[in-house]
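1. here is the input, now give the coordinates:
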Amino acid sequence: MRYILIVLTSCLFIACGNDQEELSIENDSLVELKEVIEPETIVPLIKYNIDFTDYDVLKLSIKKDEALSHILNPRGIDYPEIQKIIDLSKGVFSARKLQTGKPYTLLIKKDSTQTLDYMIYEIDAIDYVVYDFTDSVRVYRGKKPVTILEKTASGIIETSLWNTMMQNDLNQDLILSLADVYAWTIDFYHLQKGDAFKVIYTERQVEGVSVGVEQILAAEFIHFNNPIYAYLFESDSILDYFDADGKNLRKAFLRAPVKFSRISSRYTGKRFHPVQKRYKAHLGTDYAAASGTPIMATGDGVVIESAYGKFNGNYVKVKHNATYTTQYLHMSKRAAKKGDRVLQGETIGYVGSTGLATGPHVCYRFWKNGKQVDPYRQELPESTPVKAEEMEAFEKVKAEYAPRLNSIIIENKESLALAGTET
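-> Model prediction:
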């Protein structure tokens, strides 16, 4: 904004003489500052790498059974053109994959034509697909800028890890990530009240909103008063988690084939069968979980059976080596076939209640040297520790994060409330 000086005078004298002119302003002159309005600078609004300035913006979401044609045709795009768009998008994003409830944006020209120039469909929090009608039709994908922030969290177990984290308003992805880090080390079905955790992690954010955990950098889980540390370290070109002594936290087998279920029946020599109504041995561990929950291979191996049995229902059996074999019963659906090589943590089927079962669960069976045993009573073999030549580098990582973990105050909502009332 600028100002100009305007001078008003009651008397103006011009004296002429000797070819000279003199301009004089009397003392009663009035001086006024007058505002001059400059044109406002328009800052373009850029989203999805598109300038939104000259558009009316409609933010909508996909309705049930709504197809691309239902969106585009009412906006003046005829069916032959829509078919061309669908054909163009095949190598980018299938138009048949529009999901109910997913957001999309329409950019319509701010003029009398009201022409639709762009449709942007959000595949997820980061990825999107753009349908560009401005010139020749184009279909392409893009990604929103992602910010990586380092954060910390802590909590004290009252009932379960899940409940503790939810009560402390922690990211659900962090719960799953922490469970993955300690999946081979801690039996999450036997957490003790008073167990606690501290964690340093990175979080992905888009436009200031969390879109998930990037990775856990370091953690401490205090289980039965025993601190178990986890440090992310690249050993032999593979990122993995190692304890304070450089031992790999990953075992040859996961502790359980499903995440965050509950054990409904344990391995026992005598159990009253709920269907057959008689006592018999139960040589497996039952994990109750919702139908459709993914069932994971607890270790690397080869599928030696993938079939249906009258009592076992849909099941998969995996041979891990000459010593160990595992089996997973009562699946609603099998996701691995005989001969498949599977990796630890890979989905091989889904929880169901096929065969002789009263409700959705997976019966997990474990063989050692050809004999069925209780996996919870086995000393499971460990993976490779940090190599001797890499220990110096590992110690530097530990020296960076150990003091930071120690400085984290373990709090839950109750302790935070108490802290707020102190004087």
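
2. now the helices: where do they sit in the stretch 51-200 of the chain?
-> 68-72, 79-88, 161-167, 172-181 (DSSP state H, counting those that start in this stretch).

3. all strands of the stretch 1-150 of the chain, in order?
-> 2-8, 12-17, 20-25, 30-36, 46-47, 50-51, 55-61, 103-109, 116-122, 127-132, 138-143, 147-156 (DSSP state E, counting those that start in this stretch).

4. out of the helices of the stretch 51-200 of the chain, flag the one nearest Arg377.
-> Closest to Arg377 of the helices of the stretch 51-200 of the chain is helix 172-181 (Cβ to Cβ; 22.0 Å). For glycine as for every other residue, the C-beta is placed from the backbone atoms N, C-alpha and C.

5. so, low pLDDT: which residues of the stretch 301-423 of the chain?
-> 411-423 (pLDDT under 70).

6. how about the strands in it?
-> Under DSSP E, counting those that start in this stretch, the stretch 301-423 of the chain gives strands at 301-309, 313-319, 324-334, 341-342, 347-351, 361-368, 371-373.

7. in its sheet, what does the shortest one sit against?
-> Counting by DSSP bridges, the strands paired with strand 341-342 are strand 301-309 (antiparallel).

8. list the buried residues in the strand it pairs with.
-> 301, 303, 306 (16 or more other Cβ atoms under 10 Å).

9. scan the protein for its longest helix.
-> helix 391-407 (DSSP state H).

10. export that helix to CSV, keeping only CA atoms.
-> The C-alpha trace of helix 391-407 is given here as CSV (Å, rounded to 0.1, in the frame of the first residue of the first chain):
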residue,chain,number,x,y,z
MET,A,391,30.0,-54.4,16.0
GLU,A,392,31.7,-51.1,16.1
ALA,A,393,29.1,-49.5,13.8
PHE,A,394,26.3,-51.2,15.9
GLU,A,395,27.7,-49.8,19.1
LYS,A,396,27.6,-46.3,17.6
VAL,A,397,23.9,-46.7,16.8
LYS,A,398,23.2,-48.0,20.3
ALA,A,399,25.2,-45.1,21.9
GLU,A,400,23.0,-42.7,20.0
TYR,A,401,19.6,-44.1,21.0
ALA,A,402,20.2,-45.7,24.4
PRO,A,403,20.4,-42.4,26.3
ARG,A,404,17.4,-41.1,24.4
LEU,A,405,15.3,-44.1,25.4
ASN,A,406,16.4,-43.7,29.0
SER,A,407,15.3,-40.1,29.0
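
11. that helix to strand 147-156, inter-axis angle?
-> Helix 391-407 runs at 60 degrees relative to strand 147-156, counting by axes from the mean of the first three to the mean of the last three Cα atoms, to 10 degrees.

12. mind listing what's buried along helix 391-407?
-> Residues 394, 397-398, 401-402, 405 are the ones in helix 391-407 that count as buried (16+ other Cβ under 10 Å).

13. closest one of those to Tyr287?
-> Leu405 (31.4 Å).

14. so Phe188 makes contact with Leu161?
-> Yes. Counting by Cβ atoms under 8 Å, Leu161 is a contact partner of Phe188 at 6.0 Å.

15. overlap in contacts, those two.
-> Ala179 (Cβ atoms under 8 Å, 6 or more residues apart in numbering).

16. ok, back up a step: can you add distance to Asp78 and give the strands of the stretch 301-423 of the chain back as JSON lines?
-> What follows is the strands of the stretch 301-423 of the chain, written out as JSON lines (distance: least, Cβ to Cβ, whole Å):
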{"stretch": "strand 301-309", "distance to Asp78": "49"}
{"stretch": "strand 313-319", "distance to Asp78": "48"}
{"stretch": "strand 324-334", "distance to Asp78": "42"}
{"stretch": "strand 341-342", "distance to Asp78": "49"}
{"stretch": "strand 347-351", "distance to Asp78": "43"}
{"stretch": "strand 361-368", "distance to Asp78": "52"}
{"stretch": "strand 371-373", "distance to Asp78": "66"}
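
17. Glu379 is nearest to which of those strands?
-> Across the strands of the stretch 301-423 of the chain, Glu379 has its closest neighbour in strand 361-368 (10.5 Å, Cβ to Cβ).

18. in the stretch 51-200 of the chain, where is pLDDT below threshold?
-> Using pLDDT under 70, the flagged stretches of the stretch 51-200 of the chain are 189.

19. hmm, back to that, among the helices of the stretch 51-200 of the chain, which is nearest Ala219?
-> Smallest distance to Ala219 across these (Cβ to Cβ): 6.0 Å, for helix 172-181.
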